[in-house]
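I'll drop the sequence and a predicted model, then ask my questions.
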Amino acid sequence: MDSLLANIKYSRAAIIPLMSFAKKWRRPATAWTITAGMLFVYITDWKTICTRIPFYNRKFLDSDK
């Protein structure tokens, strides 16, 4: 039982700095993720992606003829 309590103390000491780091970087990480996603949407040729979606790919099969 003592080793379990000691492990909990040590793990808590390791988790607290990680939680602090996560709280500091939450907003910048969210902003970077949203920006990267918007850039991906802007650059990607959606026809390439949407032709692989069942039932939706018929739209592109008819327009190619």
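Structure received. Every value quoted in this text rests on a predicted model; they were computed, and no experiment measured them.

in stretch 29-43, what counts as buried?
Buried residues in stretch 29-43, counted by 16 or more other CB atoms under 10 Å: none are found. All C-beta spots, glycine's among them, are computed from the backbone N, C-alpha and C.

my bad, should have said stretch 48-65
Judged by neighbour count (16+ other CB under 10 Å), stretch 48-65 contains no buried residues.

do me a favour and average the pLDDT over whichever helix or strand residue 3 is part of.
Assignment of secondary structure by DSSP states H and E places residue 3 within helix 2-43. Averaged over helix 2-43, pLDDT sits at 87.

what is the mean pLDDT for the helix or strand containing residue 59?
In the assignment (DSSP H and E), residue 59 maps to helix 58-63. In this model, helix 58-63 carries a mean pLDDT of 69.

begin at 53 from here
Happy to do that; since the first residue is 53 now, the last one works out to helix 110-115.

hmm, back to that, the helix holding residue 55: how far from the chain's middle?
Counting by CA atoms, centre = their mean, to the nearest Å, helix 54-95 is centred 13 Å from the centre of its parent chain.

again, but for stretch 97-110
Centroid displacement of stretch 97-110 relative to its chain, using CA atoms, centre = their mean, is 22 Å.
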